[in-house]
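[1] okay, sequence plus prediction incoming.
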Amino acid sequence: MLRGFLMLAAFFGFTGVALGAFAAHGLKSRLTPEYLAIFHTGVTYQLVHTLALLGVSLLATQMPGRLVTWAGASFAIGILLFSGSLYVLTMTGISKLGIITPFGGLAFLVGWFCLGLAAWRLS
């Protein structure tokens, strides 16, 4: 799991920075201030949970187990659903995509819950 989570963290970190720069420079004149703020929310959550995924990948070497694996998987799924839906929503204007966003938020919560439960079970 270490290699997989580290590769995901690197990918999400790279794309998070690239998308943030793209929004700041390339989308500023193309999106409304409201949609630009929504896009930035996606970038913020992506980068925060990229760091969480990085932490989980390193933690997996010290605390291998299903809960840590589920936490990492949930963070990755959350980034895809939460941030991904916000990016697509702002670029296409299809507001119905907002229905997907809460599932990404739920995945983030599951990840944090699994991480907390893994910590609770430490002896």
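    Thanks, I have it. These numbers were taken from a predicted model, which means no experiment stands behind them.
[2] what about T92, neighbour count?
    T92: 9 surrounding residues under other Cβ atoms under 10 Å. For the C-beta atoms, the positions are set from N, CA and C on the backbone; glycine is no exception.
[3] relative to G65, how far out is it?
    Taking Cβ to Cβ, to the nearest Å as the criterion, T92 is separated from G65 by 40 Å.
[4] quick one: the helices in the chain?
    Using DSSP state H, the helices of the chain run over residues 2-22, 33-62, 66-78, 84-92, 101-120.
[5] make TSV out of those and add mean pLDDT.
    Shown next, in TSV, are the helices of the chain (pLDDT from 0 to 100):
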stretch	mean pLDDT
helix 2-22	95
helix 33-62	95
helix 66-78	97
helix 84-92	95
helix 101-120	97
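[6] single out the most deeply packed of those.
    Highest mean neighbour count of the helices of the chain: helix 66-78, a mean of 22 (counted as mean count of other Cβ atoms under 10 Å).
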